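S.K.: structure here, sequence nowhere to be found:
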Ligand code: AAL
């Protein structure tokens, strides 16, 4: 009896299954469009974008489509994505009055059954006075948002709700490097130990025109610490006159070729609009010596550093600044970057979750999320502070999220109007109108 029941049930589910499959295999409705003509080598660009470069004379733009990008369409490009953002739970910002700031998160790592992230944490009596007013800063009043800061960390089970665990690396006593502020950290796991690299300030940011900071490092046996400061500069600023003479920003270690590949950014030009480019320093040992790459700068654009192993090479987000901002770039040899895609709404200071960041992989799988920041989150420099946020994307070889591959984002009118004209611009337009009317 039981056998009969089982047979009947199997037959029933097989029939239902077949019906579903056969339904889904019904031929699609005939398209009302005209059938596509034979497109071979007519010399006319075909209606369906060819996967391979056509074998006839092409315009510069179409040449570039095939020569410079991995695929001719953004949606089939593994290094193209949208970015989506989520507010994090678990962080308090004192009513967003500017006295508490969290910014410049590290990469996210997964250890002991939870995610870890480290970041710049400032908790001061007042909001920052601003780098340009650095002369007004004191031992208690910060100049920039990242002045008088320590490195804190938080853990999470899901990447959305975080528990702030407290300080990881505090400012060391004077005159050790970083006594004024330790900021903008990133994590390396190397031979079972953990290393936090960070910017070490020995003067308030802005005091000599901008940032003046080399890179220092602390190490620990566990991501929960305790952290020991090496109390030395591991990546010094460049020599006078060199592009990175004032700052080694956003140190970002990955493991490649059995070595530590640490990417960084530097501000230079000392102009109202600073130029920013990226450099690379390589070491066999986490405490150095780090050798700066002879081709530095190796990226001409970007702001904070966000990179991840991808296939045999490394991919990088070039956000915000430079001739190629708003692009994702790829360097097969980890040094010579090419544009792989043009994107928008990129995460600032993105610290992705990269499971293979330190595995010395030659087949990097990419990323799908991480923690980034929004600066001046109150939209008011008198309350200037940063906040952490989550970003999601599909820059992964293992995930195929079609929604992330759409090229169009509909920013509503409010979004555009927020990026409105300044008083000076309105004045200029007024004057132009007057000249025409006179
Ligand atoms: C960020 C980073 C570095 C700078 C400052 C704090 O965008 O590039 O960290 O020093 O701003």
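M.R.: Sure thing, it's come through. Just so it is clear, the structure is predicted and the values come from calculations on it, not from any experiment. Residues are numbered from 1 along each chain as shown.
S.K.: what residues does the stretch 51-200 of the chain have near the ligand?
M.R.: For the stretch 51-200 of the chain, the contact set with the ligand under C-beta under 6 Å from any ligand atom comprises 104, 146, 183, 184, 199. C-betas here are computed from N, CA, C, even on glycine.
S.K.: now the residues you listed as a markdown table including secondary structure?
M.R.: Converted to a markdown table, these look like this (DSSP: H, G, I helix; E, B strand; the rest coil):
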| residue | secondary structure |
| --- | --- |
| 104 | coil |
| 146 | coil |
| 183 | strand |
| 184 | strand |
| 199 | strand |
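S.K.: closest to residue 45 out of those residues?
M.R.: residue 104 (45.7 Å; C-beta to C-beta).
S.K.: name the nearest residue to the closest one, sequence neighbours excluded.
M.R.: residue 184 (4.1 Å; C-beta to C-beta, 6 or more residues apart in numbering).
S.K.: next up, phi/psi of the nearest residue to residue 150 once chain neighbours are set aside, please.
M.R.: Closest residue to residue 150 apart from its sequence neighbours, by C-beta to C-beta, 6+ apart: residue 170 at 4.8 Å. Main-chain dihedrals, residue 170, degrees, to the nearest 10: phi -80, psi 170.
S.K.: repeat for residue 407
M.R.: Torsion angles, degrees, to the nearest 10, at residue 407: phi -90, psi -20.
S.K.: contacts only, for the nearest residue to it once chain neighbours are set aside.
M.R.: In space, and not counting its chain neighbours, residue 407 is closest to residue 74: 4.9 Å by C-beta to C-beta, 6+ apart. Contacts for residue 74 were tallied using C-beta atoms under 8 Å, 6 or more residues apart in numbering; they are 80, 341, 342, 405, 407.
S.K.: neighbours around the second one, how many?
M.R.: Using other C-beta atoms under 10 Å, residue 341 has 21 neighbouring residues.
S.K.: quick one: contacts of the strand or helix carrying it?
M.R.: Element membership of residue 341 [criterion: DSSP states H and E] is strand 338-342. Around strand 338-342, the neighbours that count as contacts under C-beta under 8 Å, 6+ apart are 68-70, 74, 77, 79-81, 315, 324, 326-331.
S.K.: those residues: which two are farthest apart?
M.R.: 74 and 331 (20.2 Å).
S.K.: any idea how far residue 73 is from whatever residue of the chain ends up closest to the ligand?
M.R.: Nearest residue of the chain to the ligand (C-beta to the nearest ligand atom) works out as residue 184 at 3.6 Å. Remark: distance between residue 184 and residue 73 (C-beta to C-beta, to the nearest Å) = 36 Å.
S.K.: and what of residue 209?
M.R.: For residue 209 relative to residue 73 (C-beta to C-beta), the value is 45 Å.
S.K.: can you check residue 434 too?
M.R.: From residue 434 to residue 73 the distance is 48 Å (C-beta to C-beta).
S.K.: which residues touch the nearest residue to residue 353 once chain neighbours are set aside?
M.R.: Leaving aside its chain neighbours, residue 353 sits nearest to residue 108 (4.0 Å; criterion: C-beta to C-beta, 6+ apart). For residue 108, the contacting residues are 115, 116, 117, 159, 351, 352, 353, 354, 369, 370, 371, by C-beta under 8 Å, 6+ apart.
S.K.: quick one: which two of the residues you listed are the most distant?
M.R.: 116 and 369, at 14.3 Å, using C-beta to C-beta across those.
S.K.: and stretch 116-135, how far out from the chain's middle?
M.R.: 21 Å (C-alpha atoms, centre = their mean, to the nearest Å).
S.K.: and the average pLDDT for that stretch is what?
M.R.: The average pLDDT for stretch 116-135 rounds to 97.
S.K.: name the residues of it that come out as buried.
M.R.: 116-122, 124, 127-131, 134 (16 or more other C-beta atoms under 10 Å).
S.K.: with stretch 152-172 instead?
M.R.: Quick answer for stretch 152-172 (16+ other C-beta under 10 Å): 152, 153, 154, 155, 156, 159, 162, 168, 169, 170, 171, 172.
S.K.: same question for stretch 200-208.
M.R.: Applying 16+ other C-beta under 10 Å to stretch 200-208 flags 200, 201, 202, 203, 204, 205, 206, 207 as buried.
S.K.: just the buried residues from the contacts of strand 338-342, in PyMOL please.
M.R.: Written as a PyMOL command, the selection of buried residues from these, which uses 16+ other C-beta under 10 Å, is:
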select buried, resi 69+74+77+79+80+81+315+324+326+327+328+329+330+331
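S.K.: narrow the contacts of strand 338-342 to those in helices?
M.R.: Among the contacts of strand 338-342, the residues falling in helices (DSSP state H) are residue 68.
S.K.: from the contacts of strand 338-342, which one has the minimum pLDDT?
M.R.: residue 70 (82).
S.K.: thought that residue was touching residue 78?
M.R.: Yes. With contact defined as C-beta atoms under 8 Å, residue 70 counts as touching residue 78 (7.0 Å).
S.K.: now the most centrally placed residue in the chain, nearest residue through space, not along the chain?
M.R.: For the chain, residue 350 is the residue whose C-alpha lies nearest the centre (C-alpha atoms, centre = their mean; 2.9 Å). Leaving aside its chain neighbours, residue 350 sits nearest to residue 306 (4.0 Å; criterion: C-beta to C-beta, 6+ apart).
S.K.: ok, now how distant is that neighbour from residue 317?
M.R.: 4 Å.
S.K.: quickly list what's touching both of those two.
M.R.: Joint contacts of residue 306 and residue 317 (C-beta under 8 Å, 6+ apart) are 347, 350.
S.K.: for residue 404, see how far away the residue nearest to residue 407 is.
M.R.: 11 Å.
S.K.: ok, now residue 91?
M.R.: From residue 91 to residue 404 the distance is 26 Å (C-beta to C-beta).
S.K.: again, but for residue 174
M.R.: Counting by C-beta to C-beta, the gap from residue 174 to residue 404 is 48 Å.
S.K.: kindly report the same for residue 281.
M.R.: With C-beta to C-beta as the criterion, residue 281 and residue 404 are 32 Å apart.
S.K.: which one's more surrounded, these two?
M.R.: Shown here are residue 281 and residue 404; by other C-beta under 10 Å, residue 281 has more neighbours (24 against 19).
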